[in-house]
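# here you go, sequence then predicted model.
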Amino acid sequence: MIEKLYDIYLRHPKVSIDTRKISKGCLFFALKGPNFNANEFAITALEKGASYAVVDEEKYVIDERYILVEDALETLQKLGKHHRKYINCPVLGITGTNGKTTSKELCFQVLKQEFKTIATAGNLNNHIGVPLTLLSIPTDTEFAIIEMGANHIGEIDFLCNIAEPNYGVITNVGKAHLEGFGSLNGVLQTKTELYRYLSKNSRPVFIKDNQQILIEKTPNNCEKISFGQQTDSTWHIGYKGAQPFVKVGIDDVEIQSQLIGDYNFDNIALSIAVGLQFGISINKIKKAIEGYSPTNNRSQIIKTRSNTVLLDAYNANPMSVEKAIHNLSNINHQKKMMILGDMFELGQEADKEHINVINLCLNSGIKEVFFVGEIFNRLNQTAYKAYKNTNALTEYLQGHQVEEAFILIKGSRGMKLEQVVDYL
């Protein structure tokens, strides 16, 4: 069945799962979710220009343009895995608690200086996004970067068996998605599934030289390509500060990024190591990194009428929030302020981790902190202000203008804290 479907895919090499994003001649896969059944919309996809619709309920099959399978999602995954056989370029797999997408974007900017490179679009890094990414890779691609996310044990191993990476990197390991992982040890077990997959074929891993826990978890038969500030690393890269944008150095070349926060040093260093490992000149690497500017609410600097806002509201977990607070503490600015939203998917650890953040704020020396969300609002026993939701905070800000401040905005995606920027 997959062979026949692959023949159709080769004639129609565009794949869609969203009727709002149908391109003429594409293959539409009718996936199901908790609140939708895309089999119902297969006819709409065809009307909008799809050539075929892959469905898994016979009652929706009207004519020869419908391809009936047992499970549309499983078929999508098998098709992606089948196409991987014909992708002859190196594939770099990236996972980790924080920094996956930024690392992926930086590596993409660097590698495309020399190679025809394809990378995961946006954050399509799960059991749906990975096969979609693979199916977007033409066979003449010279380098591919696959981002892999997880929220439960076994997911990275599953994605590796679809993407079959030749190289891998784990950006870091921290507390996130604890509802699915159970504990930090569960996170570590899952992320290092990438290492165990690569070790089966003695494939190399890129590893930050100070991540001792990951170094210890790297199988002996994996070649370690180390990078960072230690002089005995494979690629020695120096940290030159972040006031507020990160500056790095390698040999006598300085690279001034547009990325804010000392925590972004690791992401930048990885992209430099990847570039150098694959023969890209340091001058081309410098051009790529200095030309990259983050988007989508990830460490964006926004100048408002009265303030400078560091908008990092795409996601949040205890590790990333701690790093953001630490970074703000080190920035030279007379008036600093934080707006911190609830961190989601922490399960039974939620209260403990939010209390830890409150204590970090108290110890940071930053006097103005606004907490947003039901958890922070319930737990806050300090002089800091707390609000149940983003709307409540915006109502307060409408009557209390903030002036000449450097403001960190950090919270989980569902908090929608980017809405606050208009009132700053």
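It's in. Numbering: from 1, shown residues only.

# buried residues in the helix or strand that contains Ala144?
Using DSSP states H and E, Ala144 sits in strand 143-147. For strand 143-147, a neighbour-count test (16 or more other C-beta atoms under 10 Å) marks 143-147 as buried. Using the backbone N, CA and C atoms, a C-beta is placed for each residue, glycine as well.

# same question for stretch 246-257.
Buried, per 16+ other C-beta under 10 Å, within stretch 246-257: 246-248, 250, 255, 257.

# also stretch 285-296?
Within stretch 285-296, judged by 16+ other C-beta under 10 Å, the buried ones are 285-286, 288-289, 292, 294.

# next: stretch 324-333.
324-325, 327-328, 331.

# dump these into TSV; add pLDDT as well.
Shown next, in TSV, are the buried residues of stretch 324-333 (pLDDT from 0 to 100):
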residue	pLDDT
Ala324	93
Ile325	95
Asn327	90
Leu328	93
Ile331	88
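
# quick one, domains of the protein?
As assigned by automatic domain parsing, the chain contains the domains 2-71, 87-290, 300-423.

# nearest to Lys78, out of those domains?
domain 2-71 (5.2 Å; C-beta to C-beta).

# quick one: the closest one to chain centroid distance?
28 Å (C-alpha atoms, centre = their mean, to the nearest Å).

# same thing with stretch 396-404?
Here stretch 396-404 is found 32 Å from its chain centre; the criterion is C-alpha atoms, centre = their mean.

# ends of it, how far apart?
18 Å (C-alpha to C-alpha, to the nearest Å).

# give me the mean pLDDT for that stretch.
What stretch 396-404 shows for mean pLDDT is 93.

# ok, now how distant is Ser364 from Thr382?
12 Å (C-beta to C-beta, to the nearest Å).

# got it, and Leu124?
In terms of C-beta to C-beta, Leu124 sits 39 Å off from Thr382.

# the two: which is more packed in?
Neighbour tally, Leu124 and Thr382, criterion other C-beta atoms under 10 Å: the higher count belongs to Leu124, 16 against 13.

# pretty sure the more buried one sits in a helix.
No. Leu124 is assigned coil when assessed by DSSP: H, G, I helix; E, B strand; the rest coil, not a helix.

# low pLDDT regions in the protein?
175-182, 296-297 (pLDDT under 70).

# centroid residue for it?
Centroid check for the chain by C-alpha atoms, centre = their mean gives Thr101 as the closest residue, at 3.2 Å.

# residues touching that residue, list them.
122-123, 125, 147, 298 (C-beta atoms under 8 Å, 6 or more residues apart in numbering).

# let's see it at 7 Å
If you count contacts by C-beta atoms under 7 Å, 6 or more residues apart in numbering, Thr101 has them with 123, 147, 298.

# would you turn those into JSON lines with distance to Cys89?
Shown next, in JSON lines, are the contacts of Thr101 (distance: C-beta to C-beta, whole Å):
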{"residue": "Asn123", "distance to Cys89": "22"}
{"residue": "Glu147", "distance to Cys89": "16"}
{"residue": "Arg298", "distance to Cys89": "27"}
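
# that older thread, export the buried residues of strand 143-147 to CSV and tack on distance to Val91?
Converted to CSV, the buried residues of strand 143-147 look like this (distance: C-beta to C-beta, whole Å):
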residue, distance to Val91
Phe143, 8
Ala144, 5
Ile145, 8
Ile146, 6
Glu147, 11
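
# which parts of the stretch 151-300 of the chain are helices?
Under the criterion DSSP state H, counting those that start in this stretch, the stretch 151-300 of the chain contains helices at 155-163, 178-181, 184-191, 193-199, 212-217, 265-277, 282-290.

# ok so, going back, show me the buried residues of stretch 246-257 that map onto strands.
Counted as lying in strands by DSSP state E, out of those, are 246-248, 250, 255, 257.

# could you find the closest non-adjacent residue to Pro165?
Nearest in space to Pro165, with sequence neighbours left out and distances taken as C-beta to C-beta, 6 or more residues apart in numbering, is Gly93 at 3.2 Å.

# and Met338, what does it touch?
Here Met338 is in contact with 328, 361, 366, 369, 408 (C-beta under 7 Å, 6+ apart).

# write a ChimeraX command that selects only the buried members of these.
In ChimeraX, this line selects whichever of those come out buried by 16+ other C-beta under 10 Å:
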select :328,361,366,369,408
